[in-house]
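[1] Structure, please.
(2 chains)
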Amino acid sequence: MIINSRFFNRSELIGFIALAAILFVILPLSLDAFRLNLVAKYLTYAFVAIGLVLCWGYGGILSLGQGVFFGLGGYCMAMFLKLEASSVENTKIQSTPGIPDFMDWNQITSLPLFWQPFHSLTFTIAAIILVPGLFALIIGTAMFKRRVGGTYFAIITQAVAAILTILIVGQQGYTGGINGMTDLRTLKGWDIRPDHAKVILYFVEVVLLFGCIGIAQLIRLTKLGRILVAMREQEDRVRFSGYSVANFKIFAFCMAAVFAAIGGAMFALNVGFMSPSFVGIVPSIEMVIYTAVGGRMSIFGAVWGSLLVNFAKTSLSESFPQLWLFGLGALFIAVVLAFPNGLSGIWSDYVQPRIDRLLASRKSKPGSAWADNSVADGAPAE
Amino acid sequence: MLIGHQPKEFLLAVEALTVSFDGFKAVNNLSFYVEENEIRVIIGPNGAGKTTVLDLICGKTKATSGSIQFRGKELTKLKENEIVQTGVGRKFQTPSVFEDLTVFENLEISYPRGRSVFGSLTFQRDSAVKQRVEEVAEMIFLKDRLDTYADQLSHGQKQWLEIGMLLIQDPDLLMLDEPVAGMSVSERAKTAELLNRIIKDRSVLVIEHDMKFVEDIAHKVTVLHQGQILSEGTMEKVKNDPKVIEVYLGH
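    The predicted structure follows:
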């Protein structure tokens, strides 16, 4: 009678099992450590894409500045790792030992105050969540309470991404500048660079990814998830049903920011450095493209979009470095024009009905009724 | 005008309300009072400011000056969602329902509980909610369409759904902007029946052009013209007012 009462419907369950099997079993068994580490790098963007599904797909809030939160999370993690790598022993050739190398190169003689708490891993983990969360809260409150939305909001998020990049590049004594924070070595004394560490970090990341998928799915199934959908199409009706639309938008934007930040922190761990080239306008737009390609209404689609587009990026930019950006642009235009629901839309519109028909024709009469229901289940709510 | 009573007795007291858009006064020094359980219909030619008056009461448009008191609370200072929570419900002229959600979900969102962010995260679809949704769905003739997505409904059904969404809010003052516009004859009759049932125990402010419909339901009629009251009183009185015949009914 009442739909959405189960955690996953049938097609979502299949998607969940397939993704879990591939990420937990098939990829680790079939790829070498280097390739698996590449997958880990691609998956860090999946965190951002899941956040964008909630914020953009469901809530209709297009943010073109998710790189900001990815970057904030990544820099928080990188600051901790950098401090650990800059022990007095490791840096005894510097004129001031015990501070990160880029500070020494920029004639800074003591560790700045805001770096101090990043000696603590507990603080760092809290900061990875809270710094981007609070920043999103401030931007969201400033924008949504004033009813700034749509294109204007997207442009402002781009401006924020540009500002943060300029700030990081300009303050190189404090941030490592354009090169970012490199040469990250250990986490609480555990070397993160060798292959076996990369494999462990990959699994940690996949577990966190499924945690985020679970949280996103949980939010989607509450009344809040339905209010986000309602808000996307009839903002005034939601307002005149007694809801503060701004608060719901702020919530969705903050959740997306926190997911992006977790992705950024995992990026710093898996890739071993963090730089402003993952903060600015171009990476932020790329993250939106991953979500669009995967399907902005689908949480699993977001993961697939991030994996496949990044895989294509790596393969194509190795052979045709100049063509990749054009390819990415063309891909975005093609998805928006032809497949507004992305890969997940193609799956539920074309592939799944065919599978269901195939199953139905193979089974006898009771089977066909069951298959008819599931076609309706998989069809997107346009 | 009939301002003999103390203002306290009124459910809604609009006084000296003015709104100006770039110097054009869409509503000009307007005052009127709605009593408990009264059905008031606002009529008037196009551009008279009827919809603007509803926009001002529900907070969609901010007043330039004047006051709107609802149960002694000043509405001009409140936000839209706070106005809803004091007990004012508004139906828009074009049906505005959530097309990507089912009829059940549409009604559930309007159920007056869990309206904060965390309230809606922890909102449970318990038996009280289900019962109320089914009850209202029956009233609005959509009982067997609860699982239908709202984009599959006809125009008339969407209008009913929106009325149902207001009904589930249980407002003390219900504002309806042309509830039967664009409906077929049979839908119109059903809507009149529906409205007659839901207007019990609450005050209703209706904008409508269908004079037969107005005569059926109105306790009192206010005629607006160029943002001001042209005439006010019973339908009988208004119909025979020469000013009203000249600017509105004569057409």
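[2] which parts of chain A sit against chain B?
    A:1-3, A:5, A:219, A:222-224, A:226-227, A:229-230, A:232-234, A:236-245, A:247-248, A:251, A:381-382 (Cβ under 8 Å from any Cβ of the partner chain). Backbone N, C-alpha and C define where each C-beta goes, glycine included.
[3] Can you go through those residues and name the buried ones?
    Buried members of the residues of chain A next to chain B, scored by 16 or more other Cβ atoms under 10 Å in any protein chain shown, are A:219, A:222-224, A:226-227, A:229-230, A:232-234, A:237-245, A:247-248, A:251.
[4] just checking, which of these belong to strands?
    Assigned to strands by DSSP state E, none of those qualify.
[5] all helices for chain B, in order.
    Taking DSSP state H to define them, one finds helices in chain B at B:50-58, B:80-86, B:103-110, B:117-121, B:127-139, B:155-169, B:185-198, B:211-217, B:235-239, B:242-244.
[6] The closest residue to A:Thr222 other than its chain neighbours: neighbour count?
    Closest residue in space to A:Thr222, ignoring its immediate chain neighbours: B:Leu121 at 5.2 Å, by Cβ to Cβ, 6 or more residues apart in numbering or on different chains. Burial of B:Leu121 is recorded as 15 neighbouring residues (other Cβ atoms under 10 Å in any protein chain shown).
[7] Equivalent analysis for A:Leu137, please.
    Neighbours of A:Leu137 (other Cβ under 10 Å): 16.
[8] buried sites along the helix or strand hosting it?
    Secondary structure assigned from DSSP states H and E places A:Leu137 in helix A:121-144. The neighbour-count check on helix A:121-144 (16+ other Cβ under 10 Å) flags A:124, A:127-129, A:131-133, A:135-137, A:139-141, A:143-144 as buried.
[9] where does the chain have low pLDDT?
    I went with chain A, as the question did not name one. A:1-5, A:363-382 (pLDDT under 70).
[10] The intended chain is chain B.
    B:1-8, B:250-251.
[11] Which residues of the stretch 151-251 of chain B lie near chain A?
    Close to chain A, as judged by Cβ under 8 Å from any Cβ, the stretch 151-251 of chain B has residues B:151, B:162, B:165, B:169.
[12] rewinding a little: give me every residue that touches the residue nearest to A:Thr222.
    Applying Cβ atoms under 8 Å, 6 or more residues apart in numbering or on different chains to B:Leu121 gives the contacts A:219, A:222-224.
[13] farthest pair in these?
    Pairwise distances across these (Cβ to Cβ) peak at 10.2 Å, for the pair A:Ile219 and A:Lys223.
[14] before we move on, the earlier item: how about the residues of the stretch 151-251 of chain B next to chain A in TSV, adding neighbour count?
    TSV is the format used below for those (neighbours: other Cβ atoms under 10 Å in any protein chain shown):
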residue	neighbour count
B:Asp151	14
B:Glu162	25
B:Met165	26
B:Gln169	20
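[15] Need the max-distance pair from these.
    For those, the farthest-apart pair by Cβ to Cβ is B:Asp151 and B:Gln169; their separation is 22.4 Å.
[16] ranges for the helices of the stretch 1-150 of chain A?
    Counting by DSSP state H, counting those that start in this stretch, the stretch 1-150 of chain A has helices at residues A:10-21, A:27-30, A:33-52, A:66-85, A:101-105, A:121-144, A:150-170.
[17] most tightly surrounded among those?
    helix A:66-85 (a mean of 28; mean count of other Cβ atoms under 10 Å in any protein chain shown).
[18] what is the orientation angle of that helix with helix A:33-52?
    Relative orientation of helix A:66-85 versus helix A:33-52 (axes from the mean of the first three to the mean of the last three Cα atoms, to 10 degrees): 130 degrees.
[19] any idea how far helix A:66-85 is from the chain center?
    In terms of Cα atoms, centre = their mean, to the nearest Å, the centre of helix A:66-85 is found 15 Å from the chain centre.
[20] Stretch A:297-305 too?
    Using Cα atoms, centre = their mean, the mean C-alpha position of stretch A:297-305 is found 11 Å from that of the whole chain.
[21] So what touches that stretch?
    Stretch A:297-305 is contacted from outside by A:12, A:15-16, A:19, A:43, A:46, A:49-50, A:52-53, A:57-58, A:209, A:213, A:216-217, A:220, A:289-296, A:341-345, A:347, A:380, using Cβ under 8 Å, 6+ apart.
[22] Only the buried subset of those, as a PyMOL command please.
    Remark: buried members of the contacts of stretch A:297-305, expressed as a PyMOL selection using 16+ other Cβ under 10 Å:
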select buried, chain A and resi 12+15+16+19+43+46+49+50+52+53+57+58+209+213+216+217+220+289+290+291+292+293+294+295+296+341+342+343+344+345+347
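[23] isn't B:Leu195 right up against B:Ile217?
    Yes: the pair B:Leu195 and B:Ile217 passes the contact test of Cβ atoms under 8 Å, sitting 6.4 Å apart.
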